[in-house]
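# Have a look at this prediction, sequence included:
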Amino acid sequence: MTTKTKELTQQEAFLTYLLRLADDRLILGQRNAEWCGHGPQLEEDLALANISLDLIGHATALYEYAAEIEDEGHDEDHFAFFRDDRDFTNLQLCELPRGDFGFTIARQFLFSAFSYFQYERLKDAKDEQFAGMVNKHLKEIKYHLRHSREWVLRLGDGTEESHDRVQEAFDELWMYIGELFYMDEVDELMIKEGLGVDSSKFKDDWKKLVEETLEEATLRIPDWDQFMMSGSRKGIHTEHLGHLLAQMQFLRRSHPEAEWK
Amino acid sequence: MSDNNSNKDNWPLWEVFTQPKSGKPHEHAGSLHAADKEMALQNARDTYARRNEGVSIWVVESKHITASTPEDMGPFFDPANDKPYRHPQFYSVPRAVKKRS
């Protein structure tokens, strides 16, 4: 975390920026991984595990680079396994329990649609290694978006039960989408340095994609102006993150020197 | 997999064909279940093409395939056994042609 007593340096801002991106992906990847062996069909089980692995892969690359930028001898495991919930800066959207299949799909769609517009702009970042990473991951994000969008259409315009359940999922998720467009001094500095993106620039595109998809899926669009949660970029989370971390970090913390053999 | 398997058997079966390289023929990779053609294509990608196995995928619902039966084996394939002249290798290439290639 950056301290507020002194002015934010470029290095601190870039580290925070990378960690926010990485934390989103690690936590959502962990949530999706919970589906492994529980998918509604073998094929969808594979698809969810695949998306999960992609997200964790993106997080790993971002953490590795964050460690390099931080330059304090940490590695990617330090960020994933040895930080506590208040240090994590992932969106609350990503940490919510996986719910039913409709909930997981609705969340993935909202997140992947945002990631798509964000990465489309981040690929021009003025840092070769970062931009290279973004370009590589963008291809997978496009696939996640396609997969989750197709499922939203099918669940929404499917049976009465699938329609009601995915509608309920969007209604429940809605108060967590405000955070997607949160920006602070970290973003401002990153935008100025050509390393970050101004999410307000693609908010309309994102809303349009979400609205068109929900309409096509015969779903009702919840109120854009309703109450929205906030705080996750500063480490304020729902009660769910602690439990997720306990499960994810337990092994590594109990056996910090353990190695894959 | 899931506790609720009420619609488990409702998804139709699809056959998947992947093309290893551009210009090569599509080859049968296996089969899978999917609700419709778009999802069949996505499932095929996740099941058969996520380790760089191909550049193109075809899916076709299994019921649309007409196949020969084991009983057809005799009449369909046996007559070819004693007709080596149907293979181009049966014919020797004239020396003049060989030289040119």
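Right, received. Where do you want to start? Numbers count the residues shown, from 1 in each chain, chains lettered A, B, ... in the order given.

# Return the residues in contact with the residue most central in space within chain B.
The structure's chain B has its C-alpha centroid closest to B:His28; by Cα atoms, centre = their mean the separation is 2.9 Å. Neighbour list for B:His28: B:Glu15, B:Val16, B:Phe17 [criterion: Cβ atoms under 8 Å, 6 or more residues apart in numbering or on different chains]. Bear in mind the C-beta positions are built from the backbone N, C-alpha and C, glycine included.

# Can you tell me who B:Glu27 pairs with across the strands?
According to DSSP bridges, the partner residues bridging B:Glu27 are B:Thr18.

# so it makes contact with B:Glu15?
No - shown here, B:Glu27 and B:Glu15 do not form a contact pair, counting by Cβ atoms under 8 Å, at 11.3 Å.

# If you count surrounding residues, which of those two has more?
Relative neighbour count places B:Glu15 above the other of B:Glu27 and B:Glu15, with 19 against 13, counting by other Cβ atoms under 10 Å in any protein chain shown.

# Correct me if wrong, but that one is in a helix.
No - residue state for B:Glu15 (DSSP: H, G, I helix; E, B strand; the rest coil) corresponds to strand; a helix is not indicated.

# Would you tell me what helix or strand the one residue in chain A that gets nearest to chain B is located in?
Chain B sits closest to A:Glu43 of chain A, with a gap of 4.0 Å, by Cβ to the nearest Cβ. Assigning secondary structure by DSSP states H and E places A:Glu43 in helix A:42-70.

# can you give me the helices for chain A?
According to DSSP state H, chain A carries its helices in the segments A:10-33, A:42-70, A:76-81, A:92-95, A:101-122, A:128-156, A:160-173, A:185-192, A:203-216, A:240-254.

# got the contact list for stretch B:34-47?
Residues outside stretch B:34-47 that contact it (Cβ under 8 Å, 6+ apart) are A:43-44, A:46-47, A:50, A:143, A:146-147, A:150, A:154, B:11-12, B:14, B:16, B:18, B:29-30, B:32-33, B:57, B:59, B:61.

# Buried residues, that stretch. List them.
In terms of neighbour count (16 or more other Cβ atoms under 10 Å in any protein chain shown), stretch B:34-47 has its buried residues at B:Ala34, B:Ala35, B:Met39, B:Ala40, B:Leu41, B:Gln42, B:Asn43, B:Ala44, B:Arg45, B:Asp46, B:Thr47.

# which SS class is the fourth one?
In other words, B:Ala40. For B:Ala40, the secondary-structure state derived from three-state DSSP is helix.

# The residue of chain B found nearest chain A: helix or strand, and which one exactly?
Here the residue of chain B nearest chain A is B:Asn43; by Cβ to the nearest Cβ that distance is 4.0 Å. B:Asn43 is part of helix B:37-48, with elements assigned from DSSP H and E.

# Thank you, goodbye.
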